[in-house]
Every structure is written in structure tokens, then in C-alpha cells.
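Participant: What shape does this take:
(chains A and B)
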Amino acid sequence: MYRYDEFDKSFVAARVAQFRDQVARRLEGDLDEEQFRPLRLMNGVYLQLHAYMLRIAIPYGTLSPRQLRKLAFIARRYDKGYGHFTTRQNIQFNWPALKDCPDILNELAEVEMHAIQTSGNCIRNVTADQFAGACADEIEDPRPYAEILRQWSSLHPEYSFLPRKFKIAVNGAAKDRAAIRVHDIGYQIVKNAKGEVGFAVYVGGGLGRTPLVGHKIRDFLPNADLLAYTNAILRIYNLEGRRDNKFKARIKILVHEKGADVIRAEVEAEFTNHRDDALALPQDEIDRIRAYFAPPALPARATTSIAFEKRKANDFAFARFAAQNVVAHKTPGYGIVTISLKPIGGIPGDASAETMETIADLAEEFSAVEVRVTHEQNLVLPHVALDDLPAVFDRLAGQGLATANAGLVTDIISCPGLDYCGLATARSIPVAQRISERFGNGARAREIGELKINISGCINACGHHHVGHIGILGLEKAGSEAYQITLGGSADETCNVGAITGRSFSSDEIVNAIETVVDTYLKFRAGAAEDFLAAYRRIGMEPFKEALYGRE
Amino acid sequence: MPKVISANRLADGIVVYAGRDGSWPERLSQAKIFASKAEAEAGLLVAQNDAKRNLVVEPVVVEVTQDASGLRAVTLREAIRALGPTIDFLPRPHAFAPDANWAPAKAAKQTTHAVLRIPRSADARENDPREHELLSTTDFPQEIAR
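Facilitator: Prediction:
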């Protein structure tokens, strides 16, 4: 993974010192809240319902065990013993004291981490496929490009005061696991007819109160032009993005209002005019960054692992875990292990300090010293030998971390909701917990098969409800929580915004309503091979509407 | 409807209420009650002064009800601010000593998995010895005690 050079080190250290001074001035009264708020937000510090919240960047979701142990230390020393992994592959601490935040940032700097640009109207943490560099279906590892974008965009003077926040995702595999079409810019790595690597460029996707799927504005961008093209898009957005209305300020509104063809023409013109600028990426610089992400030297193994096969044959729990949470690695004899942070009835994305330490230990022993964070709020051991999988499974099971539900009905994405968030209009976590308990992780969950339920506690959609196969949006209706259901959303390469079923449901009704939707799917599906999304796309909304509301 | 004034403490962000003696206690039960809108607005001016003195952040007037059992926030948002998250969010202390030998099958019963499990039938946290102020669902207004 990427290691800080001297410049990075001094850059982050200077930032910590600057924020320490700002916090001291705030506590002493030299800065008032109005002056201080933008400063703390630029360093990832929010004020939530119960306390401050610190959001820490995990660039493209890649962590070392050392970093994960530091997060565990911070959880224990400065928080209440846990953290929450987010849908931007970041981690949030819910209870830090403002006076401690400079010390926390200092601790983070020791392990090459920071909270820069985890908030504010700037280019946020660049996300990528959590299986990057490991998965069998990859064209190229997206992380070197995400890292180049991170370096270029950090405190970029031209883009520190954009009309609104700006999110970029890079995906390197045929399967889109980075949800690139619901990002301000989505880069999909592709190969052209000559076999050269470049990007298909999507612009103007996003969720929030106006969910829109991004438009492809270029089929092939040579990789050397990554920054020049990103710069062109941002220039157009920075100039033309609406600053008169916060709710219409994202680039998706600009693209929607002017049309993708107009934006494409403007971006291309800007790009052509500045193509020879200093932003062309030299191949040796790409290679230098790429070297940090070189695949680990994994010892050669037989494609079939006897230890793995034997355990699978004799242990149903292990076999289920292997089938559900382990996917093929590009190296024969290895697998990619998803560690679900969604125990049945648990809080999606929460991890205790002990959990973080357990996973750090496992990464060190069994996964080439690497951990990944998924935007679906799970953790990943990317490089595990199938021979080692029984041992890894036992260790995970010993800590209650072997829930075999990756991609199933209980692998729910949920924002913190009204239990923590000052913007939320309803709770999300308790709804996720109740749904998880309703379906459990037994035969019924297996029968239902792949199903993504995403829950947001307000229209800002941090829980990505629009792109859940089943989405749940928490609202406030006459002083009570109400939940709207959307169906048919998808964040992958078949990206789609879900459609609203109809009137909302009360907190009492919502779990039954979700069960009705699932039962309707089971009733109408063509067979076990037709998953929820495929069935919905075939049969449409009507059967679900009728099951939920009758013939109203 | 009676009102209280709430804010977050500047240094650590913890929820506080304007108290009867000019202090900012953490418990709603210790908040000063304002009977009318005019009184609450006068109280808010005093609180804003404390914000200027860098004691608290963003003081606001919060509507409450009062009965024999004490004060309750009217809105769900303020009830959650007063009582803490409605979920069992705290990891329990590790079930075994770091150096102790342990067998996975045994440990599985009482570690993180068990910690993160919330028995829905008992959203309750009565007699919970943990440090954060956690109360049972009976302390929540009826309409939100789900």
C-alpha cells in the first residue's frame, strides 16, 4: 500500500499543528462558533446530537493492521470503545471531545492517516473497489489512480470552495463494486482496441434528495490524462455549479439541467484547451505510485486446497461461510474473505476495539498485512490462502465475526440515523436490527438469496437507500417516524434508482412490510436462480404494490 | 407547554441543559423549567451569553412535558438527545483476559457477537452499570418506545 514520503508527512503534521492552534483558540474564545465551524469541518469534526463526531479518511478503503490497531487504540482512549465504518469506506468516532481531537489527529498522523477533506465542499475521500488488486475479474488495480487523485486534490486551492461536496470513485473490475454511477465522477478502468488501459468517464451521478444516475461522457480516456480531465470537469462545475441553492448545487443538477451532451462538449473543450498543461501524468510517475500497490508476493499454492475442501465437507457452518463470504482471488489457491460487520441483530458497520484488533492480527498473519473497508460497511481480508481459511474462520467465529451473510438480506447498509445524526428525521439502526432479526441467517435467509437492503434516516441518503434492491427512507410524519420503501435500486454496473412503492409505513409496520415484499418475491420468482433484483425487473412494481397495499 | 434550554458543551460536545443555578448540568431532570414562551426567550438570551463565553454551543429552546415522573422531551430527536441512542451501542468489556487461553467455541458465546446482539424484546437497559446514561424504554415517551 501507499507509504507517506517526506512531503506527505510534513503536510499532515503541519495540518495537525494548525488545527491544534485553531482548537485552542476556539476553547479560549478567540474564535466563535461561526468562525470555527468551517475549520473543524475541514478536519472532519462534526457536532452531532450527543457529542462531536470525527470522520477519518481511509483512502480507497485500504488499511494496514498497524492503522487498524491505531483506530482501536483511539476508540478505547478517546471514545467509547468502538467506531463506525461508513459508506465512503471511512470510519467515524461518535464521542470524541473537541479538546482531544488534535491529539487524535496526531495519533493518526503517526500511522499515515488524517481526517482532511472528510467534510466540506471539497473533493472527498476517493473510493474504490474493496477487492482491488485481489479479484479475479480485474482489468487493473484502481488504487494507484485513486491515490494520484487524492494527492492532487488534497487542499487543492482551486477546489477547496466548490459549490458543494464532490465525490469520485474508481473501479477496476468488470463488476462495479464501487458504485461509480452514483458519484459526481465515476472512473471505470477499461482497455481500448489497442489493449491500452484508460477510463470510461461517468459524470453527474449522486443520491441525496435528487437521486440521479451518472452519464457516460467519454468511452476512453488515456490514463495519462486522468488529472487533466478531472480538472476540466471540476473547472466547468466550479464555474457553472449553482451556488444560489444548496439543494441544487451538486454537479448532478448541472448535468441534469444542461444535459449530458452540453456538459460533455464543455468538458471536452476545456480539456482540449489545457491538455498540454502540467497535468499530463508521466508514465514513470504512474509506475512509481503503482509500485506501492504491487501485488503481495503470495507463496504458490495448489489450486485445490485439501484442508479447505475437507473442512467444507465436514463442517456446514464453515461451508456456508466459504460459499457466502469468500470469493475467488486472482492467485490460485487464495480467496478474498469478507468479514461481515452485520451480526444478526447488530449495528451495521460498528466495530469494537477488540474486533479491530482481532482483524488486524488476522491480516498480519494470514492476509499479506492488508485490510479493506467496503462501502457496504464490512471489512475484507484480501489475500487469504485457502489452506489458512479454516484457521481464519475459527478465529473469526471465536470473536463472533463469522456471520456468513455477505450479500444476503441481513447484510444491511444503514446510516447512523436519528440515534446519532443531527440531520436525521428517523432512526435507521433499530430498523436494520429488527429486519436482521426477522430474517436471521438460517435456511430462510439462504432461500431468499442475494438481496441488498439499504436504509437512510433522512433524504440525504447516506444509507444509499435509492440503490438498495429494497430501500428504506426514514421520514418524520406528524411527529412520528415513517418509512418509505423503494424497490429495484442497484448500485452496480446495472445502476438504477429504486421506485417508491407508495405511502409510507410506521415504525411498527415497516418490518412486516419488508417481509411482505420479500414473500412476494419468493412467490413470484422464476426459481431460486432468479434473485430479487432480476425478479423485480421482470415482474415490475405491481405485484409488490398489491401485496403491500391491497387494491386500494 | 413548559420549556427548557439545551445546548452542547463546547469542550466535549456533551448534551447539557441550562440549570436552575446558572450551571449546565447533563441531565434533563436538572434543567430549569420555563413556563412561557417569553420566559424561555429571556432564558435563551442568558444562554447565548454563555455561548459567547465559550461554555456551550448553539443553545436552543426545547419543549418538554412534566408529570409525576419528571420531565420528558416532546420530540423524538430531543428525547434521544436527553436519553442517548436508543440502541445498545456500547461494546461490553472483553469477556476474557487478553493473555488467557481460550477456546473459540467457548468464547463465541460471550464476545463481540453477543455484545452487538440487541434482544428486541428487551430494548431495555435497566440496571445497566455502564458509564453512559442509559435508561429503559419506559423512560421514553410511549409513542417512541418501540
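Participant: Assess the claim that residue A:422 and residue A:47 are in contact.
Facilitator: Yes. Using CB atoms under 8 Å, residue A:422 is in contact with residue A:47, at 7.1 Å. The way it works is simple: take the backbone N, C-alpha and C, and place the C-beta from them, glycine included.
Participant: Which one of the two is surrounded by more residues?
Facilitator: residue A:47 (19 against 15; other CB atoms under 10 Å in any protein chain shown).
Participant: For residue A:143, which residues are in contact?
Facilitator: A:1-2, A:60, A:62, A:128, A:132-133, A:170, A:293 (CB atoms under 8 Å, 6 or more residues apart in numbering or on different chains).
Participant: Among those, name the ones in helices.
Facilitator: In helices, judged by DSSP state H, none of the contacts of residue A:143 are found.
Participant: Can you give me the separation between the nearest residue to residue A:145 once chain neighbours are set aside and residue A:143?
Facilitator: Nearest non-adjacent residue to residue A:145, counting by CB to CB, 6 or more residues apart in numbering or on different chains: residue A:170, 5.2 Å away. To residue A:143, residue A:170 is 8 Å away according to CB to CB, to the nearest Å.
Participant: list residues touching both of these two?
Facilitator: Joint contacts of residue A:170 and residue A:143 (CB under 8 Å, 6+ apart) are A:60, A:128.
Participant: Residue A:4: neighbouring residues, count only.
Facilitator: When neighbours are defined as other CB under 10 Å, residue A:4 has 14 of them.
Participant: so what's the residue nearest to it when sequence neighbours are not counted up against?
Facilitator: Spatial nearest neighbour of residue A:4, excluding adjacent residues (CB to CB, 6+ apart): residue A:112 at 4.5 Å. Neighbouring residues of residue A:112 by CB under 8 Å, 6+ apart: A:3-4, A:8-9, A:12, A:67.
Participant: before we move on, what about residue A:102?
Facilitator: Residue A:102 neighbours (CB under 8 Å, 6+ apart): A:16, A:19-20, A:23.
Participant: Show only the entries of the residues you listed found in strands.
Facilitator: The strands, defined by DSSP state E, take in nothing from the contacts of residue A:102.
Participant: could you flag which of these are buried?
Facilitator: A:16, A:19, A:23 (16 or more other CB atoms under 10 Å in any protein chain shown).
Participant: if I look at residue A:235, how far off is residue B:65?
Facilitator: Taking CB to CB, one finds residue A:235 at 55 Å from residue B:65.
Participant: try residue A:203
Facilitator: Taking CB to CB, one finds residue A:203 at 51 Å from residue B:65.
Participant: which one of those two has more residues nearby?
Facilitator: When residue A:203 and residue B:65 are compared for neighbours, residue A:203 comes out ahead with 25 against 12, by other CB under 10 Å.
Participant: what number of residues lie near the nearest residue to the more buried one once chain neighbours are set aside?
Facilitator: For residue A:203, ignoring the flanking residues on the chain, the nearest one in space by CB to CB, 6+ apart is residue A:217 at 5.2 Å. Other residues near residue A:217 come to 23 when the count uses other CB under 10 Å.
Participant: Residue A:217 and residue A:263 touch, don't they?
Facilitator: Yes. Counting by CB under 8 Å, residue A:217 does reach residue A:263; the two are 6.6 Å apart.
Participant: what sits in contact with each of those two?
Facilitator: By CB under 8 Å, 6+ apart, the residues touching both residue A:217 and residue A:263 are residue A:203.
Participant: Send me whatever helix or strand residue B:44 lives in as CSV with only the CA atoms.
Facilitator: Taking DSSP states H and E as the criterion, residue B:44 maps to helix B:37-52. Extracted C-alpha coordinates of helix B:37-52, given in CSV (Å, rounded to 0.1, in the frame of the first residue of the first chain):
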residue,chain,number,x,y,z
LYS,B,37,-42.5,31.4,25.6
ALA,B,38,-41.5,34.9,26.9
GLU,B,39,-39.6,33.4,29.9
ALA,B,40,-37.9,30.9,27.6
GLU,B,41,-36.8,33.6,25.3
ALA,B,42,-35.4,35.6,28.2
GLY,B,43,-33.6,32.4,29.3
LEU,B,44,-32.2,31.9,25.8
LEU,B,45,-30.6,35.3,25.9
VAL,B,46,-28.8,34.4,29.1
ALA,B,47,-27.8,31.0,27.5
GLN,B,48,-26.5,32.8,24.4
ASN,B,49,-24.3,34.8,26.7
ASP,B,50,-22.8,31.5,27.9
ALA,B,51,-22.3,30.5,24.3
LYS,B,52,-20.3,33.8,23.8
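Participant: Phi, psi for the closest residue to residue A:334 other than its chain neighbours please.
Facilitator: Spatially, and ignoring its direct neighbours in sequence, residue A:334 is nearest to residue A:385 (5.5 Å; CB to CB, 6+ apart). Taking degrees, to the nearest 10, you get phi -70, psi 140 for the backbone angles of residue A:385.
Participant: distance between the ends of stretch A:149-158?
Facilitator: 14 Å (CA to CA, to the nearest Å).
Participant: can you pull the contacts of residue A:116?
Facilitator: Residues in contact with residue A:116 (CB under 8 Å, 6+ apart) are A:12, A:15, A:42-44, A:57, A:154-155.
Participant: With neighbour count, distance to residue B:76 and secondary structure added, can I get the residues you listed in TSV?
Facilitator: Output for the contacts of residue A:116, formatted as TSV (neighbours: other CB atoms under 10 Å in any protein chain shown; distance: CB to CB, whole Å; DSSP: H, G, I helix; E, B strand; the rest coil):
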residue	neighbour count	distance to residue B:76	secondary structure
A:12	21	40	helix
A:15	19	38	helix
A:42	22	31	coil
A:43	24	30	coil
A:44	27	27	coil
A:57	22	32	coil
A:154	18	39	coil
A:155	13	39	coil
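Participant: so what strands line up beside the biggest strand by length in chain B?
Facilitator: Determined from DSSP E, the single longest strand within chain B is strand B:56-67. If you go by DSSP bridges, strand B:56-67 pairs up with strand B:3-9 (antiparallel), strand B:70-73 (antiparallel).
Participant: Now render those strands as JSON lines, adding mean neighbour count.
Facilitator: As requested, the strands paired with strand B:56-67 are arranged in JSON lines below (neighbours: other CB atoms under 10 Å in any protein chain shown):
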{"stretch": "strand B:3-9", "mean neighbour count": "23"}
{"stretch": "strand B:70-73", "mean neighbour count": "18"}
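Participant: In terms of mean pLDDT, which of those ranks lowest?
Facilitator: Lowest mean pLDDT within the strands paired with strand B:56-67: strand B:70-73, a mean of 94.
Participant: Okay, now the unreliable bits of chain A?
Facilitator: A:552 (pLDDT under 70).
Participant: hang on, I meant chain B
Facilitator: Using pLDDT under 70, the flagged stretches of chain B are B:93-146.
Participant: repeat that for 80
Facilitator: Scanning chain B with the threshold set as pLDDT under 80 gives B:92-146.
Participant: ok, now which ones touch residue 20?
Facilitator: By default, I'm working from chain A. A:102, A:105-106.
Participant: I was thinking of chain B, sorry if that wasn't clear
Facilitator: Applying CB under 8 Å, 6+ apart, the residues near residue B:20 are B:30-32.
Participant: what helix or strand does residue A:384 sit in?
Facilitator: According to DSSP H and E, residue A:384 maps onto strand A:379-385.
Participant: elements contacting the helix or strand following that strand?
Facilitator: Where DSSP H and E defines the elements, the next helix or strand beyond strand A:379-385 is helix A:389-398. Judged by 3 or more CB pairs under 8 Å, 6 or more residues apart in numbering or on different chains; DSSP states H and E, helix A:389-398 is in contact with helix A:306-314, helix A:316-325, strand A:334-339, helix A:353-366, helix B:104-107.
Participant: about what we covered before: take the contacts of residue A:20 and keep only those in helices.
Facilitator: Short answer: the contacts of residue A:20 in helices (DSSP H) are A:102, A:105-106.
Participant: could you redo these as CSV and give each row distance to residue A:323?
Facilitator: Below are the ones in helices among the contacts of residue A:20 laid out as CSV (distance: CB to CB, whole Å):
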residue, distance to residue A:323
A:102, 47
A:105, 42
A:106, 44
